[in-house]
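Undergrad: with the sequence up front, the predicted model follows.
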Amino acid sequence: MFAPLWIALFSCGTLVMLIGGDPKAWPFFGATLLGIGFLYHKFAKVRHVCLREDRFYISDLGRQYEVPVSQLQRVQGGGWINPETIVLHFKSDTGFGKRVDFVARWKFWSGFEEHPVVDELDRLIRRHRSDRSIGT
């Protein structure tokens, strides 16, 4: 919700400045383009991810794929930008590729610590690997 709102408001403000002949409009125009590029890069491939029992349900606006937890290879936190993007790396293609980005529930910014979901998913991977090694 943040990205479309930011793009709409910043673009409208810049357009009003350009139409009004404000000399400060051109730096705002450049900032608008940079902001749109950054937000596109950060959020364009974001998917909705839900974990139920031993399966991930990964979807976008039109498609949904079901992926077993056993296919999850590793988890990566998305850095210091809030909302934090979490990256799931799978062993095989999920329908969206081997890499799936999603935004976890918002948390109050706590410095440079990873989102708690990253730790939870890391524990899930370790537990699944140990369950598999016991079964062999």
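TA: Received the coordinates, thanks.

Undergrad: CA atoms for contacts and neighbours, from now on please.
TA: OK.

Undergrad: quick one: the helices in the protein?
TA: 2-19, 25-43, 116-135 (DSSP state H).

Undergrad: what residues sit buried inside the second one?
TA: Applying a neighbour-count criterion of 16 or more other Cα atoms under 10 Å, the buried positions in helix 25-43 are 25, 28-29, 32, 35-36, 39, 42.

Undergrad: relative to helix 2-19, how tilted is it?
TA: 170 degrees (axes from the mean of the first three to the mean of the last three Cα atoms, to 10 degrees).

Undergrad: list the buried ones in the lowest-mean-pLDDT helix or strand in the chain?
TA: Ranked by mean pLDDT, DSSP states H and E, the helix or strand of the chain with the weakest confidence is helix 116-135, at a mean of 76. By 16+ other Cα under 10 Å, the buried positions in helix 116-135 come out as 118, 121-122, 124-125, 128.

Undergrad: any chance you could list what contacts it?
TA: Residues from elsewhere that reach helix 116-135 (Cα atoms under 8 Å, 6 or more residues apart in numbering): 69-70, 72-77, 86, 104.
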